[in-house]
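# My questions are about this predicted structure, shown below with the sequence.
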Amino acid sequence: MIIITVDKKRIIYKMGDTNKKENQFMTIYDERPLTKMPEEIAFDVSFEPTRFDMSKYVINNNTDEVIGIVGKDFKCASHIDFYRQVRDTVVAELSDHDLEDATLTWRTARNNAWTMMDMRLPNVTHKIATSKHETDVAQRIIALHGVDGSCSNITLFGAIDFYCTNGMVTGEYNTIKRKNTSGFSLESFIDELYRSKEDFTQQMGILQKWADTTLTYVNVKEVLEKMIKSDRKAEKMLKLYNQERITRGANVFALYSALTNYSSYADERNGFALRNTGYDTASESMWKRENEVSQWVSSPIFKELVA
């Protein structure tokens with residue numbers, strides 16, 4: 001592990017065997033003020049042809065490294081241009097109080113070609129009350145950007161539960177997504193982002209409805225078995241729900257908290273450890289879990305619980 005201090009903030013690099021590049025396991029976790037972005041993602045890209053007419057190499061102009069191979073129609077903004085405009089759009093209508101304690105957490109993968117910005121606004125909160133306890137939920141905004149074709153341009157409006165620090169993305173209705181093709185325009189993406197910012201109060205109303213909707217053990221077991229294709233994963237998720245139920249009560253919000261526990265942690269706390277593939281994809285894998293949870297919550301099976 002290497003710890004570097006930048007602007008009095010600690011950047012932690014978790015690395016495996018540095019003598020074998022293919023075995024590096026790197027995650028950048030960096031909380032900075034809203035005006036700062038990691039130097040690691042501050043690069044432009046260029047493209048060079050491959051031997052095949054339908055593809056081209058993606059080059060990191062700072063290091064001259066090849067960081068991907070994409071289709072001939074692929075185009076993209078730089079990380080800095082994308083995130084600066086997303087950030088400015090998101091904060092445009094927020095008050096100074098809303099932004100006072102806001103943080104940005106950055107994650108990268110694939111030699112910094114895949115990136116994720118996680119903005120958390122602890123002063124924009126709403127209480128969710130179950131039969132057993134109350135928790136404060138704050139607004140959370142996620143943006144993803146890839147310069148190697150590994151992901152589309154995505155912005156999601158979610159929440160963070162202060163009780164357990166689980167990240168929450170409640171479904172596809174609050175997602176802006178555009179592919180990096182020849183028809184992609186950063187300007188039109190930002191325009192759509194302006195029009196589609198989710199009403200946080202409305203989102204919290206959904207969570208409160210889930211907290212008010214009681215469940216039986218049989219309900220939960222059947223839903224998990226139908227919704228999750230892996231029997232082993234469904235069994236582990238049921239154990240997580242039983243843990244959440246003790247604190248939050250037997251309701252849909254407790255079930256949702258179990259799902260978001262899976263997408264927020266990858267260790268002995270929940271039994272869903274990440275498998276070390278030998279590649280720099282840990283952050284990307286955790287994002288895929290968040291997307292998986294979003295799809296579960298958007299499924300007809302889950303929606304029937306609160307119909």
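Structure's in. What do you need?
# just the strands in this protein please.
Ranges of strands in the chain, per DSSP state E, are 2-6, 9-13, 28-32, 45-49, 55-60, 65-71, 103-109, 114-129, 134-146, 153-161, 166-168, 175-178.
# Turn these into a markdown table, columns for mean neighbour count.
Yep, even glycine has a C-beta here, placed from its N, CA and C like the rest. What follows is those, written out as a markdown table (neighbours: other CB atoms under 10 Å):
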| stretch | mean neighbour count |
| --- | --- |
| strand 2-6 | 10 |
| strand 9-13 | 14 |
| strand 28-32 | 17 |
| strand 45-49 | 13 |
| strand 55-60 | 18 |
| strand 65-71 | 17 |
| strand 103-109 | 20 |
| strand 114-129 | 20 |
| strand 134-146 | 21 |
| strand 153-161 | 23 |
| strand 166-168 | 22 |
| strand 175-178 | 17 |
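# Adding distance to residue 92 and mean pLDDT, write the ones you listed out as CSV.
Formatted as CSV, the strands of the chain follow (distance: least, CB to CB, whole Å; pLDDT from 0 to 100):
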stretch, distance to residue 92, mean pLDDT
strand 2-6, 27, 29
strand 9-13, 25, 31
strand 28-32, 20, 48
strand 45-49, 27, 93
strand 55-60, 31, 94
strand 65-71, 32, 92
strand 103-109, 16, 85
strand 114-129, 13, 88
strand 134-146, 12, 86
strand 153-161, 14, 75
strand 166-168, 23, 58
strand 175-178, 15, 52
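# Between these, which one is closest to residue 223.
Closest to residue 223 of the strands of the chain, according to CB to CB: strand 166-168, at 18.1 Å.
# hang on, the earlier thing: out of the strands of the chain, which gets nearest to residue 216?
strand 114-129 (20.9 Å).
# Now do that closest one: which elements does it pack against?
With contacts taken as 3 or more CB pairs under 8 Å, 6 or more residues apart in numbering; DSSP states H and E, strand 114-129 sits against helix 79-91, helix 96-99, strand 103-109, strand 134-146, helix 200-212, helix 282-298.
# want to throw these into a markdown table with distance to residue 55?
Converted to a markdown table, those look like this (distance: least, CB to CB, whole Å):
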| stretch | distance to residue 55 |
| --- | --- |
| helix 79-91 | 22 |
| helix 96-99 | 42 |
| strand 103-109 | 21 |
| strand 134-146 | 16 |
| helix 200-212 | 40 |
| helix 282-298 | 21 |
